[in-house]
Structure formats: C-alpha cells, structure tokens
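J.: Have a look; sequence and predicted model below, questions after that.
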Amino acid sequence: MTELVSRTDPILRKVAQEFDFNNPQMDPEELSVLLQTKMIQENGVGLSAVQIGIDLSVFCIGHRSQPDEIMTVFNPKIVDYSVDMEEADEGCLSFPGYFMPVLRSKEIRCRFSRSDGTTDTIKLDGFQARVFQHEYDHCIGKTFQQRVSRRVWERAGKKAKILLRKVKRGEVTA
C-alpha cells in the first residue's frame, strides 16, 4: 500500500498535473480504488493523489461507513463559490494532529470527470463542500496551513505535538 508523503514533501506545494484520459498516466479505475482504500485505511474523509506522491489532479471524498458513496474526482474545478462563508475545524492526513478553524464557502459548484472520463457539474454544500475545497487545494498546490494565520498555525502545532505524544504513550487513539 502506498504511504502518505511527509508534510514537508514539495509535491504538496505544486500544482498537480491534469489527468489525461486520452493518454492515461495510469489506469483511472485503479487510481480510484487506491485512493479510496488508502483514505479508508487512514480514517480520512478525503485524500488527494498528491498526498500519496502521485502528481495528478485527482482526489476522493466520502466516509468509510458509506463506501459506495465515496466519490473520486479527476481534474476538479470549482466554478462558483457562495459568498456565505463558514469557519469550522479541519484536519489533514498530511499534517497529523493539526486541527484548526478554516474559513470556507458554504456552497460551491464544481466540475470534474469521473474515472470513466464523463464530466459532471454539481453543487455541494456543508461538510461535502468543505472537504471538496480542502482536497481541491491540494490539487492546486495549497495546504490548509496557507488558509490560516501564522498565530493559528503555531497554536495548532503546539496542540499537535501534545496530541501525538499522547498517542505514542497510548493515552488516546489517533
């Protein structure tokens, strides 16, 4: 199984390559299964290909309790953001233990391809919209660190160190 890249890996800060359905860099269905399997294994709600070292603009979002509803998106674009914003805590599999409030649009309209190459445009809101925006950021070379102030990031880092020490000692589970 592919491992998560380190939070310092430069792939997390570069714009990912478009997936080419005419000349696929890898089998799209295999990539979809790989991402979904790794996301479930890591107890995530989203995972971008770049987070496992694959330089492609692809991610999946969903929840392990509903594996049939996990959605893998290829070459995502957000075509419209609502002006209504909401701040909520986010974490990231690439930044273990970091949790902090991030301001995001409550609703988005997004366009992407499915693993068979068909293109969809859909509207997402609430938690799904938040996760889509977070994973989309990975595709455009942004991390959630860039969405918060330095003070918020440093505070989250201190809390992360404490949490990870507790996990190591077996006091809590990750």
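T.: Good, I have the coordinates.

J.: what about the helices in the chain?
T.: 28-41, 126-139, 150-168 (DSSP state H).

J.: Check these for me and report the most buried one.
T.: Ranked by mean neighbour count, the helices of the chain are led by helix 126-139 with a mean of 21 (mean count of other CB atoms under 10 Å). (Each C-beta comes from the backbone N, C-alpha and C, glycine too.)

J.: In JSON lines, list the helices of the chain along with distance to S48 and mean pLDDT.
T.: Converted to JSON lines, those look like this (distance: least, CB to CB, whole Å; pLDDT from 0 to 100):
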{"stretch": "helix 28-41", "distance to S48": "8", "mean pLDDT": "97"}
{"stretch": "helix 126-139", "distance to S48": "4", "mean pLDDT": "98"}
{"stretch": "helix 150-168", "distance to S48": "20", "mean pLDDT": "93"}
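
J.: can you list these in TSV and add distance to T2?
T.: Converted to TSV, the helices of the chain look like this (distance: least, CB to CB, whole Å):
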stretch	distance to T2
helix 28-41	6
helix 126-139	15
helix 150-168	22
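
J.: quick one, which of those is nearest to P101?
T.: Comparing these against P101 with CB to CB, the closest turns out to be helix 150-168 (7.1 Å).

J.: contacting residues for the spatially most central residue of the chain?
T.: Nearest to the geometric centre of the chain sits E135, at 3.0 Å (CA atoms, centre = their mean). If a contact means CB atoms under 8 Å, 6 or more residues apart in numbering, then E135 has 46-48, 59-61, 76 as its contacts.

J.: what about 6 Å?
T.: 46, 48, 59 (CB atoms under 6 Å, 6 or more residues apart in numbering).

J.: coming back round to it: out of the helices of the chain, nearest to D116?
T.: helix 28-41 (7.5 Å).

J.: what's the spacing between the residue nearest to the centre of the chain and R155?
T.: 24 Å (CB to CB, to the nearest Å).

J.: ok, so what distance separates E86 from Q41?
T.: For E86, the distance to Q41 - CB to CB - is 29 Å.
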